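*Asks:* structure for the following, please:
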Amino acid sequence: MVPVLVALLFLCLCAEAVDRSNFKTCDQSSFCKRQRELKPGQSPYRALLDTLELSDSRITLQLINDINKVRLLLELYRLQGNMTRVKINELKPLRPRYEVPDVLIADPPAEPMAVVSRDENGVVLSLGPDEQRLIVSAQPFRLDIVEGPQVLLSLNSRGLLSFEHLRVRKDTISHKITSTVSSMWDSIKNKYVLPPYMVCVSQDGQEVSEEEDKPGMWEETFKTHSDSKPNGPTSISLDFSFPGVEHVYGIPEHADTLKLKNTDGGDPYRLYNLDVFQYELHNPMALYGAVPVLVSHNSQRTMGIFWLNAAETWVDISSNTAGETGSSDAPQTDVRWVSESGIIDVFIMLGPRPNDVFAQYASLTGTQAFPPLTALGYHQCRWNYNNQEDVKAVDQGFDEHDIPYDFIWLDIEHADGKRYFTWDPQNFPQPKEMLQGLMDKKRKMVTIVDPHIRVDSGYKIHNELRSKNLYAKNKDGADFEGWCWPGNSGYPDFTNPEMREWWASRFSYNQYEGSMENLYTWNDMNEPSVFNGPEVTMHKDALHGSWEHRDLHNIYGLYVQKATAEGLIQRSGGVERPFVLTRAFFAGSQRYGAVWTGDNAAEWGHLKISIPMCLSLGLVGISFCGADIGGFFKHPGPELLVRWYQAGAYQPFFRGHAHMDTPRREPWLFGPDNTALIREAIRQRYALLPYWYQQFYNAHRTGQPVMRALWVEYPEDQTTFAIEDEYLIGKDLLVHPVTDEGAKGVTAYLPGKGEIWYDVHTFQKHKGAQNLYIPVTMSSIPVFQRGGSIISRKGRVRRSSTCMENDPYTLYVALSPEGTAEGELYIDDFHTFNYHKEKQFICRRLHFSDNALTSSNLAPDSKFTTAAWIEKVFILGAPRPASVSLTTADGKESAVEFEFDSAASVLILRKPGVNAGADWTVLLQ
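*Replies:* Modelled structure (predicted):
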């Protein structure tokens with residue numbers, strides 16, 4: 001009966017999914033409504049300059065609210081790498097306020113600040129040897145970061161700083177007063193109408209004024225759900241102004257444009273991890289993940305704001321274009337952050353270039369996890385493959401149709417009654433036999449392990465969680481229970497390190513029965529999803545130790561993925577790199593694996609929106625992103641499915657997935673012509689795996705995104721600032737997928753004045769800084785290689801990436817107008833941490849100039865050998881040589897066979913035969 005009830009509840013949720021009334025607007029979120037009612041230009045906060053204290057690492061200063069007399073503590077830090085940290089908390093809070101742990105990879109190193117000047121109106125602080133200054137204005141309180149005469153960024157310039165202090169509920173004050181005084185107080189209350197603010201005394205003896213209670217401060221109801229709010233109002237707000245800026249990006253996840261829109265007259269962008277079925281496009285509603293990072297950009301400078309807060313957050317954006325308002329020719333963007341609880345802890349990343357901002361953010365929260373090579377191949381998924389025979393048939397189907405793939409996935413039906421870490425005994429009676437069959441073909445499997453645990457006394461996982469007291473609690477202290485796929489479920493408290501350690505241990509081979517080293521993990525529903533909860537999630541007054549769920553909601557999913565990834569690492573003794581896909585995420589989730597864009601639909605609009613959604617994630621550190629190929633809901637027609645495979649083949653995470661109610665859609669089920677088109681798209685992905693792997697190594701090492709908006713590499717070209725239908729992979733490949741039904745052509749913008757781009761399919765050369773119309777057919781995937789680059793590929797595509805590890809490389813040398821090119825080739829064992837622990841890797845510099853192509857060692861202290869060799873070299877834009885010779889490290893010289901395509905100006909060198917890890921030079925004479 002339980003599965004039937006859950007199915008009915010799921011159908012109800014699906015039916016209402018596109019009804020926004022299931023999810024709050026700002027007006028329905030009491031703290032957002034209160035904060036939005038504040039008017040700009042009326043800040044009550046004043047800096048008490050006589051409280052300023054300067055130490056080696058920070059400056060502290062008290063702020064006072066001149067209306068309610070509550071004092072705040074301002075902390076200012078100058079951080080290494082051109083960053084500034086601003087923290088604001090209550091000076092003496094009634095109880096501690098939540099500060100987000102486990103997101104920063106370390107305590108950010110601070111550098112000394114100095115007072116340059118001060119008077120009764122403010123203080124000027126030095127932010128280093130350059131002309132950067134931090135100006136603290138006293139009344140009203142305001143911060144300005146300036147560089148010379150230019151204001152880079154202002155805080156509280158609109159006066160929207162607001163800090164709802166912790167307080168005793170008015171109707172409980174009498175319990176703290178003697179009975180006699182209490183009686184007198186009641187008499188006074190009966191005789192007088194209290195003003196909006198009444199004078200009280202705080203715990204430290206400081207006189208404060210209590211504000212008039214407003215609806216939603218102490219309890220709140222949404223639909224049938226009540227939020228008890230035992231701590232009362234605790235929201236915070238701060239505004240930031242970017243003079244000279246019209247374009248801001250980031251704060252994923254939203255199904256919206258790359259450039260963030262003005263929210264004037266509508267709802268702010270919401271950051272609150274939610275399970276949203278069949279989400280709508282082009283609105284600011286919250287989705288599955290939340291990364292509170294915003295990036296501003298103009299042709300002079302790129303900056304970032306990291307708002308470190310894990311509570312429900314709303315972000316208002318108001319941007320005027322130059323000359324638009326009539327009052328000023330200078331554009332400006334104002335951004336206001338509002339969170340339900342916690343403290344203000346904001347990192348200002350001052351760039352000045354896009355790559356600087358990425359490096360600054362990476363220094364705070366870490367870089368993208370370096371995935372095993374196999375994870376960059378194609379993944380075949382469905383809710384659900386029915387049984388072991390079904391898995392075997394699908395696996396054989398790929399071989400029969402000569403389509404490579406690396407992973408096959410099992411959704412929730414594979415488990416015994418949706419009891420995770422188990423297998424259905426009827427449909428998957430021999431999981432190791434199934435996994436061994438895949439391993440024999442050098443393929444792998446992913447099973448889903450969700451963080452809701454079936455409440456069942458016969459289920460070992462549940463019994464251990466309950467006996468160890470590791471479940472999250474409801475407001476009354478009992479184990480929190482809610483409905484999800486298994487029926488009545490408990491929710492482990494992943495904020496508890498003991499819980500995460502226990503969860504990680506469940507992935508050991510002796511605990512997860514039937515698992516093997518080629519089994520990896522998918523964490524879904526980890527927002528967390530609670531079917532019968534408010535907004536399909538956990539109640540905000542649920543408890544994680546001493547903290548309410550409201551304080552930390554957005555970090556729950558990160559903790560689930562973190563614990564899972566650590567489990568996969570531990571099961572191998574710390575040797576193997578994990579692969580974990582998560583739906584919910586937060587700042588720092590990049591350290592633990594991949595994300596996807598959730599429950600999309602088989603519609604052209606969802607194909608289009610996958611590009612800006614992944615680009616937005618890349619801007620905030622999460623490079624391993626993709627969308628369900630073909631759409632999760634509904635049934636794609638052949639054209640849409642083919643176009644989605646073509647687009648997905650050039651996005652970081654490449655997985656086909658579908659809902660159980662959709663017809664089967666394995667790549668060979670749409671007729672031979674479409675099978676051939678899909679096969680070609682997937683084979684293009686596999687041929688390019690060396691370049692993808694190189695880009696993920698770079699992302700892991702430097703924090704630069706793999707999939708990039710054009711403006712990241714061309715920051716001064718304003719034409720690129722709003723482009724979201726094409727993108728770069730690394731800096732050297734430009735991709736413009738076909739995302740319109742019935743398209744006969746696309747117009748791609750090729751950036752870079754004075755640069756050239758080569759069509760990777762025809763080798764035709766095109767000038768940069770132009771809009772290029774490209775006629776397309778159903779086989780077209782417009783991709784261009786930047787002149788001046790060298791890209792590695794593999795020409796021998798086999799049934800999985802593991803089968804290709806030692807296959808030879810082909811180099812594509814695309815010459816610049818000056819006749820030069822540069823690239824790298826990275827090789828390791830493709831699956832362990834030995835590249836880091838033992839320095840077992842190869843990193844080669846590939847350089848072409850003066851008619852010579854050279855491979856030299858970029859990591860002389862590394863130690864690794866490869867059996868792979870260089871099979872071919874394509875030199876695009878080259879003249880015909882008279883001869884070609886190869887010189888190896890030992891000085892031996894030999895002739896190289898070549899052919900020349902005069903029509904395309906392409907020189908093809910055949911079988912140089914040199915080892916991919918060796919020093920060598922090819923000379924064109």
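*Asks:* for Ala722, which non-adjacent residue is spatially closest?
*Replies:* Of all residues not flanking Ala722 in the chain, Lys259 sits nearest, at 5.0 Å (C-beta to C-beta, 6 or more residues apart in numbering). C-betas here are computed from N, CA, C, even on glycine.
*Asks:* what is the neighbour count of the one you found?
*Replies:* 19 (other C-beta atoms under 10 Å).
*Asks:* please apply the same query to Leu79.
*Replies:* Count around Leu79 with other C-beta under 10 Å applied: 21.
*Asks:* specify the beta-bridge partners of it.
*Replies:* Residues in a beta bridge with Leu79, per DSSP bridges, are Met83, Ala110.
*Asks:* the one 10 residues further on too?
*Replies:* Asn89 forms beta bridges with Leu73, as assigned by DSSP bridges.
*Asks:* check Ile135 too.
*Replies:* Val124, Asp144.
*Asks:* tell me the contacts of it?
*Replies:* Contact partners of Ile135, counting by C-beta atoms under 8 Å, 6 or more residues apart in numbering, are 122-125, 143-146.
*Asks:* for those residues, which one is nearest Leu308?
*Replies:* Leu143 (17.1 Å; C-beta to C-beta).
*Asks:* burial count for the closest one?
*Replies:* The local packing of Leu143 (other C-beta under 10 Å) involves 24 other residues.
*Asks:* for it, which non-adjacent residue is closest in space?
*Replies:* Leu155 (4.0 Å).
*Asks:* okay, that neighbour: pLDDT?
*Replies:* pLDDT for Leu155: 98.
*Asks:* identify the bridge partners of it.
*Replies:* Leu143, Phe240.
*Asks:* pretty sure it contacts Leu76?
*Replies:* No: the criterion here is C-beta atoms under 8 Å, and Leu155 misses it with Leu76 at 10.5 Å.
*Asks:* what sits in contact with each of the two?
*Replies:* Contact criterion C-beta under 8 Å, 6+ apart; residues bridging Leu155 and Leu76 by contacting each: Val86.
*Asks:* where does the stretch 251-400 of the chain have low pLDDT?
*Replies:* Flagging of the stretch 251-400 of the chain using pLDDT under 70 yields the residue ranges 322-329.
*Asks:* what's around Glu37, how many residues?
*Replies:* Around Glu37 there are 8 residues (other C-beta under 10 Å).
*Asks:* and Lys392, what element?
*Replies:* Secondary structure from DSSP states H and E places Lys392 in helix 388-400.
*Asks:* list the buried residues of that helix.
*Replies:* For helix 388-400, the buried set under the neighbour-count rule, 16 or more other C-beta atoms under 10 Å, comprises 388, 390-392, 394-395, 397-398.
*Asks:* quick one: name whatever helix or strand follows it.
*Replies:* strand 407-410.
*Asks:* contacts for that following strand?
*Replies:* 374-375, 377-382, 384-385, 391, 394-395, 428, 438, 443-448, 520, 522, 655, 657.
*Asks:* partners of that strand in the sheet?
*Replies:* According to DSSP bridges, strand 407-410 forms sheet pairs with strand 378-380 (parallel), strand 444-448 (parallel).
*Asks:* I'd say Leu160 and Glu37 touch.
*Replies:* No: assessed by C-beta under 8 Å, Leu160 is found out of contact with Glu37, at 11.0 Å.
*Asks:* would you mind giving the secondary structure of the residue positioned nearest the centre of the chain?
*Replies:* Among the residues of the chain, the one closest to the centroid is Ile622, at 3.5 Å (C-alpha atoms, centre = their mean). Of the three states, Ile622 takes coil under DSSP: H, G, I helix; E, B strand; the rest coil.
*Asks:* excluding its backbone neighbours, what's nearest it?
*Replies:* Counting by C-beta to C-beta, 6+ apart, Ile622 lies nearest to Gln590, which is 4.7 Å off, once chain neighbours are set aside.
*Asks:* for that neighbour, helix, strand, or coil?
*Replies:* Following three-state DSSP, Gln590 is assigned to helix.
*Asks:* now do the contacts for Asp416.
*Replies:* Contact analysis of Asp416 by C-beta under 8 Å, 6+ apart lists 422-425.
*Asks:* again, 10 Å this time
*Replies:* Asp416 makes contacts with 422-428, 454, 459, as judged by C-beta atoms under 10 Å, 6 or more residues apart in numbering.
*Asks:* quick check: bridge partners of it?
*Replies:* Using DSSP bridges, the beta-bridge partners of Asp416 come out as Arg419.
*Asks:* can you give me the end-to-end span of stretch 863-881?
*Replies:* 36 Å (C-alpha to C-alpha, to the nearest Å).
*Asks:* hang on, the earlier thing: in ChimeraX, select just the buried ones from the contacts of Ile135.
*Replies:* A single ChimeraX command is used to select the members of those judged buried by 16+ other C-beta under 10 Å:
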select :122,123,124,125,143,144,145,146
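*Asks:* pLDDT and distance to Ile412 added to the contacts of Ile135, as a markdown table?
*Replies:* Putting the contacts of Ile135 into a markdown table (pLDDT from 0 to 100; distance: C-beta to C-beta, whole Å) gives the following:
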| residue | pLDDT | distance to Ile412 |
| --- | --- | --- |
| Gly122 | 98 | 59 |
| Val123 | 98 | 58 |
| Val124 | 97 | 59 |
| Leu125 | 96 | 55 |
| Leu143 | 98 | 49 |
| Asp144 | 98 | 53 |
| Ile145 | 98 | 49 |
| Val146 | 97 | 55 |
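*Asks:* how is the chain divided into domains?
*Replies:* Following the TED database, one gets these domains for the chain: 31-112+153-164+232-352, 808-924.
*Asks:* for these, which one ends up most surrounded?
*Replies:* Burial of these is given as mean neighbour count (mean count of other C-beta atoms under 10 Å); domain 31-112+153-164+232-352 ranks first at a mean of 20.
*Asks:* endpoints of that domain, how far apart?
*Replies:* Start-to-end span of domain 31-112+153-164+232-352 (C-alpha to C-alpha) is 35 Å.
*Asks:* helices along the stretch 51-200 of the chain, start to end?
*Replies:* 179-191 (DSSP state H, counting those that start in this stretch).
*Asks:* whoops, the stretch 201-350 of the chain was the one
*Replies:* Here the stretch 201-350 of the chain has no helices by DSSP H, counting those that start in this stretch.
*Asks:* what's the neighbour count on Trp547?
*Replies:* Neighbours of Trp547 under the rule other C-beta under 10 Å: 15.
*Asks:* is it in a bridge, and if so with what?
*Replies:* Beta-bridge partners recorded for Trp547 (DSSP bridges): His544.
*Asks:* so who does the residue lying closest to Leu734 once chain neighbours are set aside touch?
*Replies:* The shortest distance from Leu734 to any non-neighbouring residue, by C-beta to C-beta, 6+ apart, is to Phe784 (4.5 Å). Residues in contact with Phe784 (C-beta under 10 Å, 6+ apart) are 726, 728, 732-736, 748, 750, 756-761, 764-766, 768, 772, 774, 814.
*Asks:* go again using 6 Å as the cut-off
*Replies:* 734, 757, 759 (C-beta atoms under 6 Å, 6 or more residues apart in numbering).
*Asks:* pretty sure the second one contacts Leu750?
*Replies:* I take that to be Trp757. Yes: at 4.8 Å, Trp757 counts as touching Leu750 under the criterion of C-beta atoms under 6 Å.
*Asks:* between those two, what contacts are shared?
*Replies:* Common neighbours of Trp757 and Leu750, using C-beta under 6 Å, 6+ apart, are His766.
*Asks:* neighbour count: these two, which is higher?
*Replies:* Set side by side, Trp757 and Leu750 show more neighbours around Trp757, with 26 against 20, by other C-beta under 10 Å.
*Asks:* dump the residue contacts of that one.
*Replies:* Trp757 touches 750, 766, 784, counting by C-beta under 6 Å, 6+ apart.
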